[in-house]
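Chemist: Next come a sequence and a model predicted from it.
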Amino acid sequence: MSLQFEKPIDDLEDKIVDMRKYAEEQGMDLYEEIGLLEKRLKRLKKESFENLTRWQRVHVARAAGRPTGLDYIDKIFTNFNELHGDRALGEDPALISGIAEFNDQSVMVLAQQKGRDTKENIHRNFGMMHPSGYRKAIRMFALADKFKLPVITLVDTIGAYPGIAAEERGQALVIAESIQRMSELTVPAITVVIGEGGSGGALAIAVANKVLILENSIYSVISPESCAAILWRDAAEAEKAAEALKLTAKDLLELDIVDRIIEEPLGGAHKDPQAAIDSVAKAIKEELIELNKLDQAELLQQRYERFRKLGKFQEMA
Amino acid sequence: MSLQFEKPIDDLEDKIVDMRKYAEEQGMDLYEEIGLLEKRLKRLKKESFENLTRWQRVHVARAAGRPTGLDYIDKIFTNFNELHGDRALGEDPALISGIAEFNDQSVMVLAQQKGRDTKENIHRNFGMMHPSGYRKAIRMFALADKFKLPVITLVDTIGAYPGIAAEERGQALVIAESIQRMSELTVPAITVVIGEGGSGGALAIAVANKVLILENSIYSVISPESCAAILWRDAAEAEKAAEALKLTAKDLLELDIVDRIIEEPLGGAHKDPQAAIDSVAKAIKEELIELNKLDQAELLQQRYERFRKLGKFQEMA
Amino acid sequence: MALDRWFRRKKPNRKDDDKSPSGLWIKCDSCENQVYRKDIIANLHLCPDCNHHYRMPVDDRMEMLIDEDSFEQWSGTIGPVDPLGFVDLKTYPERIKAAQDSHKYPDAILTGAGLLDNQRVAIAIMDFSFNGGSMGSVVGEEIARAAERAAEEERAFITVAASGGARMQEGALSLMQMAKTTMSLAALASKRLPFISILTDPTSGGTTASFATLGDIIVAEPKALIAFAGPRVIEQTIKQELPEGFQRSEFLLNNGMLDDVINRKELKQKISKYINLLLANRTTIKVKHVPAI
Amino acid sequence: MALDRWFRRKKPNRKDDDKSPSGLWIKCDSCENQVYRKDIIANLHLCPDCNHHYRMPVDDRMEMLIDEDSFEQWSGTIGPVDPLGFVDLKTYPERIKAAQDSHKYPDAILTGAGLLDNQRVAIAIMDFSFNGGSMGSVVGEEIARAAERAAEEERAFITVAASGGARMQEGALSLMQMAKTTMSLAALASKRLPFISILTDPTSGGTTASFATLGDIIVAEPKALIAFAGPRVIEQTIKQELPEGFQRSEFLLNNGMLDDVINRKELKQKISKYINLLLANRTTIKVKHVPAI
Ligand SMILES: [Zn+2]
Ligand SMILES: [Zn+2]
């Protein structure tokens, strides 16, 4: 299943495959012709992805086959041991957490997991966390602090789950508490927005010293669909909302909301998951090496200043 | 409604009332006779209460009309402001908590409340707390620590509530966490067992620097009824179990489990609530004055040592 | 927005000819009695018949809570800009201008210092009537500044929340105000200064999910709507009607999320007691920022 | 108590004439297959057919978790007394004597130091077969001593819980062991030493409600009964049957109370990884005992 704007790319890829097959069958030397087509394909991909509209990028961020939290956990970290439960409300499969090794250090990993197929989607509630998930995050932050484990969070959610039980159990309050507890970490904290960073549900585990984002990921105060429903009174105007919200990696870097964009393989992370995962691993490693140089007070201070300065306003006459 | 062993006392009291009435009606001077009867009544009360069996004392501890947590709160503290909720699971009416003034100081008060009539009994779940109650206690301990409020807890419960929802929400775990959090208080903590101190459900809010107990209160690892059901395989043997468990104030003082016995008015606290309340107020005040002299480290140390030494065993050959 | 409702209907048989807005009769939202609008305003915006809590303008709120002539305004020196060039059915600058034209302050917030029953406090009051009380860069910045300055000047801090959530027109910058306001509370905590959060009708979204639910003590006015996701969003998600009283103050109290629900008439006195009790034993010793282990 | 079940039935048509207990066939509690008892014991007390987890004697448990020849026993120098002169159908001294006569250790606990995959640990293992693994003064004291000594010697601490709760025959002194064991964990926390709690079948009452649920990491063996109030007490209270799987490990995992449920065969390896990961970044700097603010 390919995204709409990927169609010309996919068509050209198919053509090249055909051509190779034909050349082989016919014993014909089409090496030069195929080489030209491949160059053209690469250019087409590059142009397409450079010129994606924001709404198209939302689709890439949500694309099937895009590596999920678990894919990163499996391939970036060694000796991952999942730790379950919030010791209060329950176990939320939308957030996977645990301790692992990374670059000769123990780390605490938290990842929102949307799921890789329908069954997992349902089990993971599409990565929409309940209060028990945020409480689990808070518990992990405390454990990380106690044992000096740098915290790495992977964000991928359309937002916290809006439901009756979630409201009953204080969805707002646990998000606030998670923001607060993460901001108090005395260890390095790195967030990577690997897909969709949806509102407070994402921010709750994104109050890091460094916030990185994959090139085609998005991070927004509200989903384009909900924004359109409210401001345009029509969810179908999501494309306009996406444009207005400036939710792409590039937009966010300009606003200092993210610190670094991690390049994706040409055609998007879903076209070459391993390459995307490698880039993320490299970026986390580089950032962690730098943050490891700071002491507790400096880490707190740096994190405070990082968020304190965000916002745009003007002095009044 | 009087307790069984109170019958002779009540009868004699009735007699004296009769006699007075008769003397008045007849215009007879029975001053001397009545005086003698009153002396006898006092002696009877004293003897009865000195020689109460443990099982009888269990009945006094549970007697209707015995002052409850709220009675103490109303009369001992000024400016009491109840604070509700555990900010996680719910609001448990079996535990009343809040901030108040006591002896020119702010304090945090926690009281288990069984209720004073059937309606309140049901509302308060007879003082049997749910996990939300223990979480509320933990929250109050944190607030007390932050604002340097000495903690005063009033214990009166047959035990933590045993039910499906309570187990689902980790009744054991919250009790353990409450014990732990209370033991970490950096402020003075005083517990008064005002009625029944039932097992872990009581201990969870009784890890204090000083544990006081009213003369006719009990404090036990298990209720006599449950103990009898297990060891005698017959709940009706509760009287034997009460005897065996050594659960009276005097027993507990000998075992160093409580630090001080607060005298009750003759005939029991239910016969003169105000006198009992005054005695409790006086005792808390005296203990608090002493504890206020200790700094944070000393308070932690004193509390640790107080509980660390409890237990009886022998060196093996 | 609450004001809209007040003009819904005039008492038909009114005799005097006072045509000013304050002279109008309205039908109470709650008891449905015809009530003289001036009487509501004079009664702390409470229905004189049924005690229904109407939304309260920021200045009235400030005057209700802060001792007379003691208020020193802190906010108002900064105003909103249009960082994204946001356009929906209107442009963001148009929306801002419209709001500013009908309001005294440049954004949905009033902060300042004052006395509350003679106790030194700082206060931040959100204005739901200004763009739905939405929290953008200005609201976030003013709250953070007020919290930090309260800590610096050793004042208790009080917030009065009334907000539809984050301000969408400032995109992710609004989202970041949740982190900023939350983090600004650390300065108060490190000095053991009380932070009392008052939730009023309505408080939802990013405001509920940040500073407003992090009070040492959190109280709400009766029947206020307090939510993460608003009722409409939830109904759309679960495709069923919500139970009576869902997401109202009493529901939150029952679910353990509030310390108390307090009638507006008793609010000042209660807050005063909280602050007094929480500060009574305070030493001025600073606490190191050490997490629980 | 678990042993009782093993003798329930012999395989009727067994040919060899091994009459020793270890030679008997038993019917598995779970799969109901006829299984050779020796095979269960040799298989870490797991059913070779269905992996059912039988209760495990303390020495076998210690040998399973601690590297060969590395165990140094700490417990055993103190034994129980009868502080209350407790008599029910038997006297407490009679009960103690009976238990001691059939057991190697003086009470329901074995503690000591050793290596776990070459990592220095201290361990406390409860013995359910000794008076229902009940926690009285000796069990509490041994656990507290082990935790404190582990902290002193900078060892990770592991407990293996198996207990019916507090020991009634020592009255409120038993209750106090909940506080004592809980408080002894502070020494470990202040040095950032991991405390791993392993819950096995069955763990309930005062043990579950104290140290055993305060692990940095808490794991359980499959299908273990883990409760505050036992199922019978609850059934009597609520007058209805309990749902399938209630109070079993998987139920607790699902309710957020456990970090994981781990097969006995993988237990040592898992605990080893936890300790390794939690100690890897440890500095030897002491943490001051400061509560969260
Ligand atoms: Zn009305
Ligand atoms: Zn089997």
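Modeler: Nice, thanks for sending it over. Ligands and ions are numbered 1, 2, ... in the order given.
Chemist: Break down the stretch 1-150 of chain C into its helices, ranges please.
Modeler: With helices called from DSSP state H, counting those that start in this stretch, the stretch 1-150 of chain C shows them at C:2-6, C:37-42, C:58-65, C:92-101, C:137-152.
Chemist: Measure how buried A:Arg139 is and give me the count.
Modeler: 19 (other Cβ atoms under 10 Å in any protein chain shown). Heads up, the C-betas are built off the backbone N, CA and C, glycines and all.
Chemist: what does C:Met56 give?
Modeler: 26.
Chemist: Touching, it and C:Glu63? I think so.
Modeler: No. Judged on Cβ atoms under 8 Å, C:Met56 makes no contact with C:Glu63 at a distance of 9.9 Å.
Chemist: Within range of chain D, give me the residues from chain A.
Modeler: Residues of chain A lying close to chain D by Cβ under 8 Å from any Cβ of the partner chain are A:79, A:81-91, A:99-101, A:105-106, A:132, A:135-136, A:143, A:146-150.
Chemist: Go through those residues and flag which are in helices.
Modeler: A:132, A:135-136, A:143, A:146 (DSSP state H).
Chemist: and which of these is nearest to chain B?
Modeler: Nearest to chain B among these: A:Arg135, at 7.5 Å, using Cβ to the nearest Cβ.
Chemist: excluding its backbone neighbours, what's nearest the closest one?
Modeler: A:Asp86 (3.5 Å; Cβ to Cβ, 6 or more residues apart in numbering or on different chains).
Chemist: residues in contact with that neighbour?
Modeler: Counting by Cβ atoms under 8 Å, 6 or more residues apart in numbering or on different chains, A:Asp86 makes contact with A:92, A:132-133, A:135-136, A:138-139, D:256.
Chemist: Tell me the spacing between it and A:Ile138.
Modeler: Separation of A:Asp86 from A:Ile138 (Cβ to Cβ, to the nearest Å): 8 Å.
Chemist: just A:Asp18 next, same as before
Modeler: The value you get for A:Asp18 to A:Ile138, if Cβ to Cβ is used, is 55 Å.
Chemist: out of those two, which sits in the more crowded spot?
Modeler: A:Ile138 (21 against 10).
Chemist: where's that one relative to ligand 1, distance?
Modeler: 42 Å (Cβ to the ion, to the nearest Å).
Chemist: Likewise for C:Gly206?
Modeler: C:Gly206 sits at a distance of 32 Å from ligand 1 (criterion: Cβ to the ion).
Chemist: Quick check, that residue in contact with C:Leu173.
Modeler: No. Between C:Gly206 and C:Leu173 there is no contact under Cβ under 8 Å: 11.7 Å.
Chemist: could you dump the contacts of A:Asp86 to JSON lines with pLDDT?
Modeler: Formatted as JSON lines, the contacts of A:Asp86 follow (pLDDT from 0 to 100):
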{"residue": "A:Asp92", "pLDDT": "98"}
{"residue": "A:Ser132", "pLDDT": "98"}
{"residue": "A:Gly133", "pLDDT": "98"}
{"residue": "A:Arg135", "pLDDT": "98"}
{"residue": "A:Lys136", "pLDDT": "98"}
{"residue": "A:Ile138", "pLDDT": "98"}
{"residue": "A:Arg139", "pLDDT": "98"}
{"residue": "D:Gly256", "pLDDT": "98"}
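Chemist: can you narrow the residues you listed to ones near ligand 2?
Modeler: Applying Cβ under 5 Å from the ion to these, one finds that nothing falls near ligand 2.
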